[in-house]
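> Requesting a structural model of the entry that follows:
(one chain, ligands or ions: 2)
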Amino acid sequence: QVSEPRAIAPSPTQTRDGRRVTLLANVMGIPDAQLARNSGAEGVGLLRTEFFYFDRPIPPGEEEQAQVYRAIADIFKNRPTVIRTLDVGGDKPLPWLQLPPENNPFLGLRGIRLLLDRPDLFKTQLRAILKASHGRQIKVMFPTVATLAEWRAAKALLDRAKAELDGEDRAYNRAIAVGMMVEIPAAVAIADRFAAEVDFFSIGTNDLTQYYLAADRTNPQVSPFANVLEPSVLRAIAQTTRAAGAVGVPVAVCGELASNPAAVPLLVGLGIAELSLNPRAIAAVKAAIARFSVPEAEAIAATALQLDSAEAVRNFLQQQCSALS
Ligand code: PEP
Ligand code: MG
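Ligands and ions are numbered 1, 2, ... in the order given. As a prediction, the model looks like this:
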């Protein structure tokens, strides 16, 4: 009989001087969530629900979705599971979605725009998430939000889904936390306005970088320009944490940057207290955080924000790591 790998109980992650940093996992389904739990994740910070919608002739139904969301949240018991609503668009063809071809799919009908264009699809997912939220620590998050109008329209649809469930006498968490990805430059520019309305932010550094630098993350000819360590991108993170911090809104980072052990002291120094990352990187990131004190991390962040290029930032971060080893 093959025994299951023993789960690593999530021990708290902290800086050398004792500041807690929560390490959550980015997952794409039940096996991933199990791996995350066994790797010591303290919950799910980003459930990419796209996995549900690919490779099938019709989109998943409400109860089918609710069951999988429940199963994933139950893997983490009383810890949080952040479910991101569907983030697809013209770059990922879906058999059940007839979309006209686009010249610039990443600037096209993607993420929250597509969901608001297809309220039937969106509301089915919101109802599924709400149903699964009953008695669980589930939160909901919208992708690619750029304007207050999009945020408010998405919230209004969530309210409509709640009203429907009320009418059907179905249980759900009325106080479900609702947040948004910060991954479009327009959202950074008005982060203070969003901060007055959201329960949390999660910074998606992958898209934030491609949109800040106008460099397609999937095009090898220009992807080297989409470097997440560009000081412009770091300043965007700083601007977002400042706006959120002013009103006490929590900010996580869920892009690939959060999986880079050399970069996490910088994120902690920018005021980030929650990272959602690839479960395979948890052990290394935890160890990296433990090596720095908060004042050291803040000094690293302050210096990095003043450097001239991504390369200079990368060299500087490497120096900081090796200075400690
Ligand atoms: C991101 O853009 O950084 C992100 C986490 O979302 P995705 O990679 O799924 O677009
Ligand atoms: Mg993204």
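> Which residue, neighbours along the chain excluded, lies closest to V253?
I203 (4.7 Å; C-beta to C-beta, 6 or more residues apart in numbering). To be clear about C-beta, it is placed using only N, CA and C from the backbone, and glycine gets the same treatment.
> tally of neighbours for the one you found?
When neighbours are counted by other C-beta atoms under 10 Å, I203 registers 29.
> With R84 instead?
Count around R84 with other C-beta under 10 Å applied: 26.
> Could you give the bridge partners of the residue lying closest to it once chain neighbours are set aside?
Among residues not flanking R84 along the chain, M141 sits closest, at 4.7 Å (C-beta to C-beta, 6+ apart). Per DSSP bridges, the residues bridged to M141 are R84, G179.
> check contacts around M141.
L46, V82, I83, R84, T85, V178, G179, M180, M181, F200, S202 (C-beta atoms under 8 Å, 6 or more residues apart in numbering).
> again, 6 Å this time
Contacts for M141 (C-beta atoms under 6 Å, 6 or more residues apart in numbering) come out as V82, R84, G179.
> Mind putting these into JSON lines with pLDDT?
Shown next, in JSON lines, are the contacts of M141 (pLDDT from 0 to 100):
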{"residue": "V82", "pLDDT": "98"}
{"residue": "R84", "pLDDT": "98"}
{"residue": "G179", "pLDDT": "99"}
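> Save the residues you listed as a markdown table, and put in distance to G248 too.
Below are the contacts of M141 laid out as a markdown table (distance: C-beta to C-beta, whole Å):
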| residue | distance to G248 |
| --- | --- |
| V82 | 18 |
| R84 | 23 |
| G179 | 14 |
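> and which of those is nearest ligand 2?
R84 (8.7 Å; C-beta to the ion).
> now L24, what's its secondary structure?
Assigned by DSSP: H, G, I helix; E, B strand; the rest coil, the conformation of L24 is strand.
> Could you check how many residues crowd around it?
28.
> Tell me where the chain is predicted with low confidence.
Scanning the chain for pLDDT under 70 picks out the ranges 1-9, 90, 324-325.
> which bits of it sit near ligand 1?
L46, R48, D87, E183, G204, T205, N206, D207, C254, G255 (C-beta under 6 Å from any ligand atom).
> For the fourth one, give me the backbone phi and psi.
The reference is to E183. Main-chain dihedrals, E183, degrees, to the nearest 10: phi -150, psi 10.
> just the strands in the stretch 151-300 of the chain please.
Secondary structure of the stretch 151-300 of the chain (DSSP state E, counting those that start in this stretch): strands at 178-182, 200-203, 251-253, 274-277.
> The shortest one: partners in the sheet, and parallel or antiparallel?
Read that as strand 251-253. Going by DSSP bridges, the partners of strand 251-253 are strand 200-203 (parallel), strand 274-277 (parallel).
> looking at those, which is buried most?
Highest mean neighbour count among the strands paired with strand 251-253 (mean count of other C-beta atoms under 10 Å): strand 274-277, with a mean of 27.
> Adding distance to P59 and neighbour count, write the residues of the chain next to ligand 1 out as CSV.
Shown next, in CSV, are the residues of the chain next to ligand 1 (distance: C-beta to C-beta, whole Å; neighbours: other C-beta atoms under 10 Å):
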residue, distance to P59, neighbour count
L46, 21, 25
R48, 16, 18
D87, 14, 23
E183, 23, 27
G204, 23, 29
T205, 29, 25
N206, 24, 15
D207, 23, 23
C254, 24, 29
G255, 26, 26
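> out of those, who's nearest R217?
N206 (6.1 Å; C-beta to C-beta).
> Got phi/psi on the closest residue to the closest one other than its chain neighbours?
Closest residue to N206 apart from its sequence neighbours, by C-beta to C-beta, 6+ apart: G255 at 4.5 Å. The phi/psi pair for G255 (degrees, to the nearest 10) reads phi -80, psi 180.
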